[in-house]
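Trainee: I would like the atomic coordinates for the input below:
(chains A and B)
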Number of protein chains: 2
Amino acid sequence: MWCQSCREEYEERDAGTCKECYEEASETEEELKREIDDLKSKVAFLRLVSPLDLISTTDLLLHAAGSSSNANPNSSPSTALPCTPAVPAHRAVLISRSPVFKAMLENEMEESRSGIIKIYDVSYDVLRSFVSYLYTAEVLLDEHMACELLILAEKYQVKHLKIFCEKFMTSKVNNENAIGNYAFAHRHNAKQLLEAALSLIMDNMATLTEREEYKELVEKDPRLVVEIYESYLTRQVNTAAKDSTLQP
Amino acid sequence: MWCQSCREEYEERDAGTCKECYEEASETEEELKREIDDLKSKVAFLRLVSPLDLISTTDLLLHAAGSSSNANPNSSPSTALPCTPAVPAHRAVLISRSPVFKAMLENEMEESRSGIIKIYDVSYDVLRSFVSYLYTAEVLLDEHMACELLILAEKYQVKHLKIFCEKFMTSKVNNENAIGNYAFAHRHNAKQLLEAALSLIMDNMATLTEREEYKELVEKDPRLVVEIYESYLTRQVNTAAKDSTLQP
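Mentor: Predicted coordinates:
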């Protein structure tokens, strides 16, 4: 018997599909690829030019305003704004992308009147990437940037960016950073990242208590450590129950 | 032998793929579907809120200004603008979507200074749909709307909209409208529509000369009629050549 796809001979027991289903699957694949091409061209069409290239039409300035709780050491005492350049943007775009900006800019708030928005606890680079993402749905991530952007995305309820960062961070979880990521995911309601990190932690319970980050977590947030142990216990109980049903 | 896909029994000669290729194809399908979901959510993210819901932030007004060659019968003699309401929009969006608007608004042209753009030869409804498409990449088409929007898309070089309208019109070509679509496609450089219409015209050459639209086209643009005959002749010659090589 010959496979219509790879053209190799195979034994009867290694048969996959009948001819009809093979042809149908090929057609489906073609259709899906066409849909992908359509969607890609739609994304390209809907992307906006960066606000830096539209500067004469912008009606907002965003400032990376340092820490929200402490005075920014870089800012001069006479002004509340820091020394980094502002990131220009359009009200229309920010309103379209974030319900938080929408509420801020559609009501008579200080930011709406002045056209100046201070974004606390971020660097200029992160703010620029954040705004750029709102225009293009694109950003080059590393682990630090993903972390910072996820926090901003959560704060301004930009769901699409949050999911994007969370996926990236989940793909980077390893034994070294699992505890840190677990605590981070907890603080920022990142469920997918939380599960990936927790699963990896539980796979390495034998060495857990030796880790530096573990000791830090016990100090800073023992409740989270308790949750790790609770999950581990639940898994052990479930595995034991499963094993006992499998026994003859 | 049993098909792994439809679970039905089949004969050896009706075999499609081996098991390995079947599994690979299933995985590919899953991956493509995931990519489609990702792209769909990107499209949803990149869509802008309609300018009608962002009216306080708009910095342009577009007017459906009737015919460009004749005076608009609806406009009062004292003003160049018609009585229909204006469509608000954002410079940033129009610049992002159309190189023609970009040139108009980034240079010191009258439209850029006044913030008023007159769009000639369109109705208010068409203009509103056009602007809405620039924000959302969505529009509800019928044959008239597709025709009007294709013309606007060509004029303002909004390629994505032109392709969208052309696809729709191509799907609606039939014996009744083939000649009209052929002439339209010629005027507006719509190659896919032109080929579909021409192919249908050539399939029905026996009744071509009886048609009212044919007689009109001979009157208005005989060069196009010549091109139909030339294409028909080329096809006949090719078919004859093919038949002769097939003969023993």
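Trainee: residue boundaries of the strands in chain A?
Mentor: A:15-18, A:60-64, A:87-89, A:116-119 (DSSP state E).
Trainee: What residues of stretch A:42-54 count as buried?
Mentor: Buried positions in stretch A:42-54, judged by neighbour count with 16 or more other C-beta atoms under 10 Å in any protein chain shown: A:42-43, A:45-49, A:51, A:54. Bear in mind the C-beta positions are built from the backbone N, C-alpha and C, glycine included.
Trainee: cool, and stretch A:187-201?
Mentor: So stretch A:187-201, judged by 16+ other C-beta under 10 Å, has buried residues A:188, A:190, A:193-194, A:196-198, A:200-201.
Trainee: domains of chain A?
Mentor: Per automatic domain parsing, the domain ranges recorded for chain A read A:19-46, A:173-248.
Trainee: Any residue of the shortest one touching chain B?
Mentor: Yes. Domain A:19-46 is in contact with chain B by C-beta under 8 Å from any C-beta of the partner chain, via A:19-25, A:28-29, A:32-33, A:35-36, A:39-46.
Trainee: With the last one instead?
Mentor: No. Counting by C-beta under 8 Å from any C-beta, no contacts exist between domain A:173-248 and chain B, the nearest distance being 14.1 Å.
Trainee: Sketch out the low-pLDDT regions of chain A for me.
Mentor: When residues are selected by pLDDT under 70, those of chain A lie in A:67-82, A:247-248.
Trainee: tilt between the lengthiest helix in it and helix B:19-46?
Mentor: If you go by DSSP state H, chain A has its longest helix at helix A:19-46. For helix A:19-46 against helix B:19-46, the angle between stretch directions is 20 degrees (axes from the mean of the first three to the mean of the last three C-alpha atoms, to 10 degrees).
Trainee: just the strands of chain A: most buried one?
Mentor: strand A:15-18 (a mean of 25; mean count of other C-beta atoms under 10 Å in any protein chain shown).
Trainee: now it: how far from the chain's centre is it?
Mentor: For strand A:15-18, the separation from the chain centroid amounts to 40 Å (computed by C-alpha atoms, centre = their mean, to the nearest Å).
Trainee: Tell me which strands that strand pairs with, and in which orientation.
Mentor: Paired with strand A:15-18 in the same sheet, following DSSP bridges, are strand B:15-18 (antiparallel).
Trainee: Extract the CA atoms of the partner strand and return them as PDB.
Mentor: Output of strand B:15-18 as PDB, limited to C-alpha atoms (Å, rounded to 0.1, in the frame of the first residue of the first chain):
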ATOM      1  CA  ALA B  15      -6.200   3.900   0.800                       C
ATOM      2  CA  GLY B  16      -5.300   7.500   1.500                       C
ATOM      3  CA  THR B  17      -2.400   8.000   3.900                       C
ATOM      4  CA  CYS B  18      -0.200   6.000   6.300                       C
END
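Trainee: Pull the contacting residues for the residue lying closest to residue A:46 once chain neighbours are set aside.
Mentor: Of all residues not flanking residue A:46 in the chain, residue B:46 sits nearest, at 3.7 Å (C-beta to C-beta, 6 or more residues apart in numbering or on different chains). Residues near residue B:46 by C-beta atoms under 8 Å, 6 or more residues apart in numbering or on different chains: A:43, A:46-48, A:137.
Trainee: among the residues you listed, which two are most distant?
Mentor: A:43 and A:48 (11.6 Å; C-beta to C-beta).
Trainee: returning to that earlier point: can you mark which positions in the longest helix of chain A are buried?
Mentor: Of all the residues in helix A:19-46, those buried under the rule 16+ other C-beta under 10 Å are A:19, A:21-22, A:25, A:32, A:35-36, A:38-39, A:42-43, A:45-46.
Trainee: Go ahead and flag the most central residue of chain A.
Mentor: The residue lying closest to the centre of chain A (C-alpha atoms, centre = their mean) is residue A:165, at 2.0 Å.
Trainee: quick one: that one from residue A:142, how far?
Mentor: Remark: distance between residue A:165 and residue A:142 (C-beta to C-beta, to the nearest Å) = 11 Å.
Trainee: for residue A:63, same thing?
Mentor: Look at residue A:63 and residue A:142: by C-beta to C-beta, they are 24 Å apart.
Trainee: how far away is residue A:136 from residue A:41?
Mentor: Applying C-beta to C-beta, the value for residue A:136 to residue A:41 is 15 Å.
Trainee: Correction: the previous question concerned residue A:122.
Mentor: 33 Å.
Trainee: nearest to residue B:239, of the domains of chain A?
Mentor: Short answer: domain A:19-46, nearest of the domains of chain A by C-beta to C-beta, at 28.5 Å.
Trainee: chain center to that closest one: distance?
Mentor: Worked out by C-alpha atoms, centre = their mean, domain A:19-46 lies 27 Å from the chain centre.
Trainee: And for stretch A:223-234?
Mentor: With C-alpha atoms, centre = their mean, you get 24 Å for stretch A:223-234.
Trainee: for stretch A:93-104, same thing?
Mentor: Offset of stretch A:93-104 from its chain centre (C-alpha atoms, centre = their mean): 19 Å.
Trainee: now swap in stretch A:27-47 and tell me
Mentor: That offset, for stretch A:27-47, works out to 24 Å (C-alpha atoms, centre = their mean).
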